[in-house]
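>>> sequence first, then the predicted structure, then my questions.
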Amino acid sequence: MGRPPPCAIQPWILLLLFMGAWAGLTRAQGSKILEGRECIPHSQPWQAALFQGERLICGGVLVGDRWVLTAAHCKKQKYSVRLGDHSLQSRDQPEQEIQVAQSIQHPCYNNSNPEDHSHDIMLIRLQNSANLGDKVKPVQLANLCPKVGQKCIISGWGTVTSPQENFPNTLNCAEVKIYSQNKCERAYPGKITEGMVCAGSSNGADTCQGDSGGPLVCDGMLQGITSWGSDPCGKPEKPGVYTKICRYTTWIKKTMDNRD
Amino acid sequence: MDPLQEANGTFALNLLKILGEDSSKNVFLSPMSISSALAMVFMGAKGTTASQMAQALALDKCSGNGGGDVHQGFQSLLTEVNKTGTQYLLRTANRLFGDKTCDLLASFKDSCLKFYEAELEELDFQGATEESRQHINTWVAKKTEDKIKEVLSPGTVNSDTSLVLVNAIYFKGNWEKQFNKEHTREMPFKVSKNEEKPVQMMFKKSTFKMTYIGEIFTKILLLPYVSSELNMIIMLPDEHVELSTVEKEVTYEKFIEWTRLDKMDEEEVEVFLPKFKLEENYNMNDALYKLGMTDAFGGRADFSGMSSKQGLFLSKVVHKAFVEVNEEGTEAAAATAGMMTVRCMRFTPRFCADHPFLFFIHHVKTNGILFCGRFSSP
């Protein structure tokens, strides 16, 4: 997730206001800024952060009072989940930190091959239930698959620049669009499965390191979990790749029901 | 330990400290080149002049009577460093110019050619001062492929000039792991606590040898040049540590200990390194004087091994060194293609040279310090 450095915000706003061709300008300038901005605090109440001690490792998504969905590659031996957070530095009222009781990777996820990103999805069972409210709220799982061109929101505390890494203190949001499966396949030949969906933007808005496991939310429904993409991030022709939730809702619900 | 290499290393670090006294200035020099040029002059020195030169060059421990071991050592060293077929570009111009009235001995000339691959040249400093200066500059420019154009600025030689030792060197190497030009971007360089200047910062994430020396609060990174014939060793103190305190602590023994390859961990590192050119010009007289080499520059000089004529003295020792550090390397172009990776947090150590650092270009086979420098300010 990214946003321009503070001094660059105004020019981008001006470009947005005055120039329809700003996307082209972005490409011409070779900008790798990931084109996000700070989220309105608690506007993504399902956003979770996975921590190993004091270190952020991934994002996550609250899908039930005891359940967080994230990427399978985010699994660690011992870690915790933070909910209701906006600024990682300050401890504010709605924030909750809960230990992980169990990590359940999708049974088809290939743990041993880091090149295989298939079925990159995992459920985390929390040690105790989260206190739900308007700032800590599960997201609804998509029952229909996303439409090409649909606008979605991505969010996370990952780096806002790439390849040099700069980590924001606050949660960042950006808007991306769903790419067609064909376009996705052309961007990453031979790498895209039916369980993946690509989303990107002509201005380079993208998820990046630290955002894995975080949400791709379209019209209030969870459609994707941040999984992988190009390195460096932020190339319009190389969109972010998300685990496609509509393909896994049955597994998610069954797993949650069986262990509640 | 090789006594000559120890001598050269000690001399290198001594020079770095003297030439780097003003901590706001960049430094770049080739101590090996300077010491070999001075060792050539040393070959013609006798008496107190010789013993002072041995001390300044830290040659005291190498068969102290100025015997052949030193000069044969330099012969081997220079042959190795200057051999053709290397992957790095090294252009040197190394010559002793004497006034035509000096009557340099044929035996001395022969020895210079034999051990140091250097010819002597006699010029008319007395009668044609400016022409002599221009002649030297033209010769240096030619030898360094026009990289170094004015080694002697106007007024640096005069009608009293007796001996001028000129030493100019240009270096350009290709990295074993090249940087991607597309990743180079402007970043602030923290010149001091209160001042920043923009610099073009290169970026590379790859496996490198790196270590941390707690004694001096300094990270040391090793960047190999092609075929690992040479390495750039970079010493980067922590943010809050003044580089000058690190410089004070570096001795040859410590440098060798800290940069031992078997002690450095190989790990994936994110390297941020400024892109820079340094072209530094040094009148070495003052520095050498501070190292104890005093008689050679005055009336008490004894260069009877060089010439039968009395009153010969070293008028000037000039060193000019030029280095280019950029992205170029030998990785295939395909290496610049984007990679694919998961987007969890990476815990990659970072080596971010965005504040003053020391660097050394190390010749692996001879274990010698070819160059050393300090990048203080873009």
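Here it is on my side, so go on.
>>> let me see the contact set for residue 188.
Looking at chain A here, since you left the chain open. Applying CB atoms under 8 Å, 6 or more residues apart in numbering or on different chains, we find residue A:188 in contact with A:238, A:241, B:340. Heads up, the C-betas are built off the backbone N, CA and C, glycines and all.
>>> actually it's chain B I care about, not the one you picked
Residues near residue B:188 by CB under 8 Å, 6+ apart: B:196-199, B:354.
>>> closest to residue A:45 out of these?
Within the contacts of residue B:188, the smallest distance to residue A:45 is 38.0 Å, found for residue B:354 (CB to CB).
>>> ok, back up a step: which of the contacts of residue A:188 are buried, as a PyMOL select command?
Here is the PyMOL selection string for the buried members of the contacts of residue A:188, based on 16 or more other CB atoms under 10 Å in any protein chain shown:
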select buried, chain A and resi 238+241
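>>> including pLDDT and secondary structure, could the contacts of residue A:188 go into CSV?
Below are those laid out as CSV (pLDDT from 0 to 100; DSSP: H, G, I helix; E, B strand; the rest coil):
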residue, pLDDT, secondary structure
A:238, 94, strand
A:241, 97, strand
B:340, 86, strand
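>>> tell me the one of the contacts of residue A:188 nearest residue A:199?
For the contacts of residue A:188, the nearest to residue A:199 is residue A:241 (8.4 Å; CB to CB).
>>> before we move on, back to that, show the buried residues in the contacts of residue B:188.
Among these, those that count as buried by neighbour count (16+ other CB under 10 Å) are B:199, B:354.
>>> tell me the one of the contacts of residue B:188 nearest chain A?
Within those, proximity to chain A (CB to the nearest CB) peaks at residue B:354, which comes in at 10.6 Å.
>>> so the closest one sits right up against residue B:190, yeah?
Yes: using CB atoms under 8 Å, residue B:354 is in contact with residue B:190, at 5.9 Å.
>>> how about residue B:177: what's its closest non-neighbour residue?
Sequence neighbours aside, residue B:206 is the residue nearest to residue B:177 in space, at 5.1 Å (criterion: CB to CB, 6 or more residues apart in numbering or on different chains).
>>> near that neighbour, how many other residues are there?
15 (other CB atoms under 10 Å in any protein chain shown).
>>> residue A:56 and residue A:210 touch, don't they?
Yes: with contact defined as CB under 8 Å, residue A:56 reaches residue A:210; the gap is 6.0 Å.
>>> quick one: common contacting residues for these two?
Overlap of the contact sets of residue A:56 and residue A:210 (by CB under 8 Å, 6+ apart) consists of A:157, A:167, B:345.
>>> please flag which of the residues you listed sit within helices.
Of these, none are assigned to helices by DSSP state H.
>>> may I see the ChimeraX selection of the buried members of these?
Of those, the buried ones go into a single ChimeraX selection, burial set by 16+ other CB under 10 Å:
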select /A:157,167 /B:345
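>>> show the pLDDT at the closest residue to residue B:369 other than its chain neighbours.
Of all residues not flanking residue B:369 in the chain, residue B:12 sits nearest, at 4.6 Å (CB to CB, 6+ apart). Among the per-residue scores, residue B:12 shows a pLDDT of 96.
>>> just list the residues touching residue B:12, thanks.
Applying CB under 8 Å, 6+ apart, we find residue B:12 in contact with B:31-32, B:35, B:252, B:369, B:372.
>>> same list (those) but as CSV, adding neighbour count.
Converted to CSV, the contacts of residue B:12 look like this (neighbours: other CB atoms under 10 Å in any protein chain shown):
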residue, neighbour count
B:31, 26
B:32, 26
B:35, 28
B:252, 20
B:369, 24
B:372, 27
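>>> ok, so of those residues, who is nearest residue B:81?
For the contacts of residue B:12, the residue nearest residue B:81 by CB to CB is residue B:32; the value is 7.1 Å.
>>> was I right about the closest one contacting residue B:77?
Yes: Residue B:32 is in contact with residue B:77 according to CB under 8 Å; the separation is 7.3 Å.
>>> which residues do the two both contact?
Residues touching both residue B:32 and residue B:77 (CB under 8 Å, 6+ apart): residue B:368.
>>> can I assume residue A:232 is in contact with residue A:204?
No: if you go by CB under 8 Å, residue A:232 and residue A:204 don't touch, sitting 10.3 Å apart.
>>> quick one: the residue nearest in space to the middle of chain A from residue A:251, how far?
Centroid-nearest residue in chain A: residue A:214, 2.9 Å away (criterion: CA atoms, centre = their mean). For residue A:214, the distance to residue A:251 (CB to CB, to the nearest Å) stands at 19 Å.
>>> likewise residue B:37?
In this view, residue B:37 and residue A:251 are 75 Å apart by CB to CB.
>>> equivalent analysis for residue B:106, please.
92 Å.
>>> ditto for residue B:359
Per CB to CB, residue B:359 is found 55 Å from residue A:251.
>>> in its sheet, which strands sit next to the biggest strand by length in chain B, and in what direction?
Longest strand in chain B by number of residues (criterion: DSSP state E): strand B:196-213. If you go by DSSP bridges, strand B:196-213 pairs up with strand B:185-190 (antiparallel), strand B:218-224 (antiparallel), strand B:265-274 (antiparallel).
>>> name the residues of it that are buried.
For strand B:196-213, by 16+ other CB under 10 Å, it's B:199, B:201-205, B:208-211, B:213.
>>> please state the offset of it from the chain centre?
Computed by CA atoms, centre = their mean, to the nearest Å, the chain-centroid distance of strand B:196-213 equals 21 Å.
>>> and what of stretch A:241-259?
With CA atoms, centre = their mean, you get 16 Å for stretch A:241-259.
>>> start and end of that stretch, how far apart?
Using CA to CA, to the nearest Å, the end-to-end distance of stretch A:241-259 comes to 29 Å.
>>> mind listing residues that contact it?
Stretch A:241-259 is contacted from outside by A:63-64, A:67, A:69, A:71, A:102, A:104, A:106, A:117, A:119-121, A:123, A:125, A:141-146, A:184, A:188, A:192, A:194-199, A:216, A:222-229, using CB under 8 Å, 6+ apart.
>>> likewise for stretch B:96-116?
For stretch B:96-116, the external contacting residues (CB under 8 Å, 6+ apart) are B:36-37, B:39-41, B:43-44, B:71-72, B:74-75, B:78, B:94, B:118-126, B:132, B:136, B:161-166, B:305-309, B:312.
>>> which parts of that stretch are buried?
Buried residues in stretch B:96-116 (16+ other CB under 10 Å): B:96-99, B:102, B:104-105, B:108-109, B:111-112, B:115-116.
>>> reformat those residues as JSON lines; add pLDDT and secondary structure.
Formatted as JSON lines, the buried residues of stretch B:96-116 follow (pLDDT from 0 to 100; three-state DSSP):
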{"residue": "B:96", "pLDDT": "95", "secondary structure": "strand"}
{"residue": "B:97", "pLDDT": "95", "secondary structure": "strand"}
{"residue": "B:98", "pLDDT": "94", "secondary structure": "strand"}
{"residue": "B:99", "pLDDT": "93", "secondary structure": "strand"}
{"residue": "B:102", "pLDDT": "89", "secondary structure": "helix"}
{"residue": "B:104", "pLDDT": "92", "secondary structure": "strand"}
{"residue": "B:105", "pLDDT": "95", "secondary structure": "coil"}
{"residue": "B:108", "pLDDT": "95", "secondary structure": "helix"}
{"residue": "B:109", "pLDDT": "94", "secondary structure": "helix"}
{"residue": "B:111", "pLDDT": "94", "secondary structure": "helix"}
{"residue": "B:112", "pLDDT": "94", "secondary structure": "helix"}
{"residue": "B:115", "pLDDT": "93", "secondary structure": "helix"}
{"residue": "B:116", "pLDDT": "91", "secondary structure": "helix"}
